[in-house]
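Participant: model this:
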Amino acid sequence: AMAGRRTSRIAVVLGAVTLAAGGRPPGECLPYLNMPEGDLDGMPLLVDSNVTCADKCEAEPKCALYTFVGAASARSSACKATGESGCCWLKATEVSGKAPTVFDAHACSAWVRLPAQATQPPPPRPSASAPGPGQKKNVLYIVVDDLRPDLVAYGQNFTHNPAIAKLAAGGIVFDQAYCQIAVCSPSRLSFMTGRRPDHAGFYNFIDHFRQSDCGVARPNVEFRGTTYRTVNTGSFGGGCQWGGSSGACGGSGQCCSLCSQDPNCSAWSYGPGNDCNLKSSQGEAAPAAGVVSGLPGSRTPASHALWTSNPQNFRKNGYLCLQTGKLFHTEEGGVANNDPDLNGPGMPPNEDPPSWTPGLSMQQVNAVANMWGTGPDEVDGVAATADGVLDDPSPKANQLCDRVISTDAVAKLRLAGWNQQATGQPFFMAVGFRKPHLAFRFPKPWLASLPPLNETAVAAHPTLDPSVPPIAHGDHAPATDPYTAVPKGVAQQWRNHYYAAIAWMDSQVGRVLDELDSLGQTQNTLVVFHADHGWSLGEHGEWQKFSNFEHGTRVPLIIRAPWLAASVGTRSPVLAELIDVYPTMAALTGVPLPPGEHLDGTSLAPAVAAPGDAALARDLKPYAISQYMRCPTNVSVPWRDNGCLFTDRTLFPVMGYTLRTPEYRYTEWTRWNGTGLGPDLSPEGLVGVELYSHHWVGLGYSFDAFENVNEAAGNPSTVAALRAVLHQALANQSRIASLP
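Facilitator: The predicted structure follows:
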């Protein structure tokens, strides 16, 4: 049972439920939360209050959490309570893939102890009751989907995000922080493992780091040896589909894994239709368009399959690691693996169970916190209160995903806080918010926090300048082509609703930060906040992510370490990269990095500790590197239909690399070597070059002010100098070069 019980009882009325507070930490039973399934036998129990329900859960060793529902609830058909009584469901665990109800006015729920499967023993309790200099710090890690730094903390006062602004005021804001690839899954794989995409070998919605490592694969080649088994990796019961269409669900990496775990497999070929053919012999290597073949690989400590993720590193060092929402990519997935953790949706599947304390992660995020809308009636926002309680109380109503995620975060933070109070075990709580990712789904009241739609500014340069190589453009809605501006009304609506989705997400960030404060853990908790990549809103014809431009790669990054007083309320010009987050979090909490593993990032802890040191800021990181691939279906029109999200990495035709220095962005588009998984940096491999001046980034920075005209033709000496820097950097980050 958790510590901190009190003897007083105070009745608090919320909706139709009378909550008897007291007898345990204030607010333990989280209002509106109705947890599904996972019930112990004999449920429900008739009880007089939520406190009695909690007492029964504490008294039952198999009970980890409970739900109390008032007798008047229309949702509790199994409850036969009458009058002032209610029903109590004692539960063993949170059920994976089952969405809780987070707007049930008759219910409340809470954890009372760690679930039975959370077998990791806590460390000894510290001798002092208050956190001291030698004690481990907690971590609250907040990752947001598709968020560019259009925030008050970055001087963009036309947006509304007070919670993030408050966080920034208590920490350090990095003005120049960049992702390594501007699309969800590979960016998250990159910063969660601390490796660059070329080191990891993951670029799209197919492969992930828990797959076996087969080294060099052969594109456009089929092995003609005997096939003894065929697995269709695209037929995983809909569980690895994306956006309603069949995805590759692991691609050639999945085929490599299936072969590697089977002692009968000597070779594999993966081809169109997602068929993985496992072979007892390699046979002839014959040309075959679109087919990828290879030999079995490994799952050894030297391979990426056994890399230690950032949260997993904290778990290995004694932390209670909890997760909710989207940290790793939530779609696609794996099938037919011997390891059940590798079967299911996500990249890696199931939010990577090795990264989290068992029983305390949201494994099937799409089933629990669906980010998609329900139809045209939500075009101007969802009918709900500002805090996300839907006007429609029916069980079939599509809940707001970030409300589900923040509710789960609050419940788990309380568990983590009480566990720490009882045992001294520090916690790592990761929260992945899904908005402002499309669809722009938010409660209607948040539109009132923004300027009117007809006053919403649009991009000052809404088309691509002819000086920019067409391959630089990503072909995505609402644009029809980069040389025709999107109608102003459409552009205004996209921007207005994007900012409303940010305002809504910010309110849920605030809810989580307020809970941390109410637990008394703010001063002892490292908070790291960032996006997975940027977002384009019509600048030079670019929309959504999927690019190497500043607005596609630049992200907000805020770090709050209250024990470093010099960092409070400061800013840093360091050229930070998201691969730096992993070593930075370890350094700021005193947690050692995993032995024997090479991370690509640099700890930003010196900049956090000494934000006023200009020389340190200049020398710590000389540049940031990002990359993005292009797969045009028609090479004569390279900007059209050029996505690579479901193209095997060995079959990319073009890769673009962008080098960001304090003064410039230099981008080089090159032919791709699919066999070596690296760029062709020869003069013959060059497809296009971009150069843009960047002589200032800071408070109030505008994406309209830069990267509108390609300056490469007029600055050959600058291009040559930056090309040399980029090529030297790329030579040190190849996945193949790093294999043992």
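Participant: Without its sequence neighbours, what residue ends up closest to Arg210?
Facilitator: Pro348 (4.2 Å; C-beta to C-beta, 6 or more residues apart in numbering). C-betas here are computed from N, CA, C, even on glycine.
Participant: And the pLDDT at the one you found?
Facilitator: Listed pLDDT for Pro348 reads 93.
Participant: by contact count, what packs against the lengthiest helix in the chain?
Facilitator: In the chain, assigned by DSSP state H, the helix with the most residues is helix 488-518. Packing partners of helix 488-518 (3 or more C-beta pairs under 8 Å, 6 or more residues apart in numbering; DSSP states H and E): strand 138-144, helix 162-169, helix 401-423, strand 427-433, strand 525-531, strand 536-537.
Participant: switch the cut-off to 6 Å
Facilitator: Using 3 or more C-beta pairs under 6 Å, 6 or more residues apart in numbering; DSSP states H and E, the elements in contact with helix 488-518 are helix 162-169, helix 401-423.
Participant: Any idea which of these gets closest to Leu659?
Facilitator: helix 162-169 (27.6 Å; C-beta to C-beta).
Participant: so what's Thr193 up against?
Facilitator: By C-beta atoms under 6 Å, 6 or more residues apart in numbering, the residues touching Thr193 are 209, 307, 309.
Participant: hmm, back to that, can you give me the buried ones in the longest helix of the chain?
Facilitator: 491-513, 515-516, 518 (16 or more other C-beta atoms under 10 Å).
Participant: How about stretch 315-327?
Facilitator: So for stretch 315-327, counting by 16+ other C-beta under 10 Å, buried means 315, 317-327.
Participant: Excluding covalently adjacent residues, which one is nearest to Ala416?
Facilitator: Phe427 (3.8 Å).
Participant: Now do the strands in the stretch 251-400 of the chain.
Facilitator: Using DSSP state E, counting those that start in this stretch, the strands of the stretch 251-400 of the chain run over 267-271, 275-279, 285-294, 320-325, 329-334, 344-347.
Participant: so how far is Phe703 from Leu413?
Facilitator: 35 Å (C-beta to C-beta, to the nearest Å).
Participant: picking up where we left off before, from the buried residues of stretch 315-327, which is closest to Val568?
Facilitator: Nearest to Val568 among the buried residues of stretch 315-327: Tyr319, at 24.6 Å, using C-beta to C-beta.
Participant: How about the contacts made by the closest one?
Facilitator: 426, 428.
Participant: swap the cut-off to 7 Å and go again
Facilitator: By C-beta atoms under 7 Å, 6 or more residues apart in numbering, the contact set of Tyr319 is 426-428.
Participant: Listing request: residues of the stretch 151-300 of the chain with sub-threshold pLDDT.
Facilitator: Applying pLDDT under 70 to the stretch 151-300 of the chain picks out residues 235-248, 299-300.
Participant: repeat that with 80
Facilitator: Flagging of the stretch 151-300 of the chain using pLDDT under 80 yields the residue ranges 234-249, 298-300.
Participant: any chance you could map the helices in it?
Facilitator: 162-169, 184-193, 197-200, 251-260 (DSSP state H, counting those that start in this stretch).
Participant: now those in CSV, with distance to Gly283?
Facilitator: Output for those, formatted as CSV (distance: least, C-beta to C-beta, whole Å):
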stretch, distance to Gly283
helix 162-169, 57
helix 184-193, 33
helix 197-200, 31
helix 251-260, 14
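Participant: Do you have the helices of the stretch 1-150 of the chain handy? List them.
Facilitator: 50-59.
Participant: ok, Val139 touching Ala586?
Facilitator: No. Checked against C-beta atoms under 7 Å, the pair Val139 and Ala586 is beyond contact range at 9.9 Å.
Participant: I figured Gly290 hits Pro272, correct?
Facilitator: Yes. Here Gly290 reaches Pro272: they are 4.9 Å apart, a contact under C-beta under 7 Å.
Participant: if you count what's nearby, which of these two comes out ahead?
Facilitator: Neighbours per residue, other C-beta atoms under 10 Å: of Gly290 and Pro272, the larger number sits with Gly290, 14 against 9.
Participant: Starting from Asp207, give me the distance back to that one.
Facilitator: Gly290 is 16 Å from Asp207, by C-beta to C-beta.
Participant: CA atoms of stretch 664-677 as PDB?
Facilitator: C-alpha atoms of stretch 664-677 as PDB (Å, rounded to 0.1, in the frame of the first residue of the first chain):
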ATOM      1  CA  TYR A 664      24.200  28.600 -43.200                       C
ATOM      2  CA  ARG A 665      22.000  25.700 -44.200                       C
ATOM      3  CA  TYR A 666      23.800  23.700 -46.900                       C
ATOM      4  CA  THR A 667      21.800  20.800 -48.500                       C
ATOM      5  CA  GLU A 668      23.100  18.200 -50.900                       C
ATOM      6  CA  TRP A 669      20.900  15.700 -52.800                       C
ATOM      7  CA  THR A 670      22.700  12.600 -53.900                       C
ATOM      8  CA  ARG A 671      22.100   9.200 -55.500                       C
ATOM      9  CA  TRP A 672      21.600   6.500 -53.000                       C
ATOM     10  CA  ASN A 673      23.700   3.300 -52.700                       C
ATOM     11  CA  GLY A 674      21.100   0.700 -51.700                       C
ATOM     12  CA  THR A 675      23.600  -2.000 -51.100                       C
ATOM     13  CA  GLY A 676      25.800  -0.100 -48.800                       C
ATOM     14  CA  LEU A 677      23.000   2.000 -47.400                       C
END
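Participant: give the contact list for Leu659.
Facilitator: 623, 625, 666, 722, 725-726.
Participant: Which member of the contacts of Thr193 is positioned nearest Leu167?
Facilitator: Ser309 (24.0 Å).
Participant: Now that closest one. Nearest residue, chain neighbours left out?
Facilitator: Ser355 (4.7 Å).
Participant: So what's the residue count around the one you found?
Facilitator: Ser355, neighbours per other C-beta under 10 Å, totals 23.
Participant: hang on, it packs against Gln312?
Facilitator: Yes. Assessed by C-beta under 7 Å, Ser355 is found in contact with Gln312 at 4.4 Å.
Participant: those strands in the stretch 501-650 of the chain, which residues are they?
Facilitator: 525-531, 536-537, 543-544, 554-560, 570-577, 624-630.
Participant: can you redo the ones you listed as TSV with distance to Pro115, mean neighbour count and mean pLDDT?
Facilitator: Compiled in TSV, the strands of the stretch 501-650 of the chain are given as follows (distance: least, C-beta to C-beta, whole Å; neighbours: other C-beta atoms under 10 Å; pLDDT from 0 to 100):
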stretch	distance to Pro115	mean neighbour count	mean pLDDT
strand 525-531	23	24	98
strand 536-537	42	23	98
strand 543-544	39	22	98
strand 554-560	30	25	98
strand 570-577	36	22	96
strand 624-630	40	26	98
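Participant: now these as CSV including distance to Thr602?
Facilitator: Supplementary listing: the strands of the stretch 501-650 of the chain in CSV, determined by distance: least, C-beta to C-beta, whole Å:
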stretch, distance to Thr602
strand 525-531, 15
strand 536-537, 27
strand 543-544, 29
strand 554-560, 13
strand 570-577, 8
strand 624-630, 11
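Participant: Between the ones you listed, which one is closest to Arg640.
Facilitator: Here strand 624-630 is closest among the strands of the stretch 501-650 of the chain (C-beta to C-beta), at 10.8 Å.
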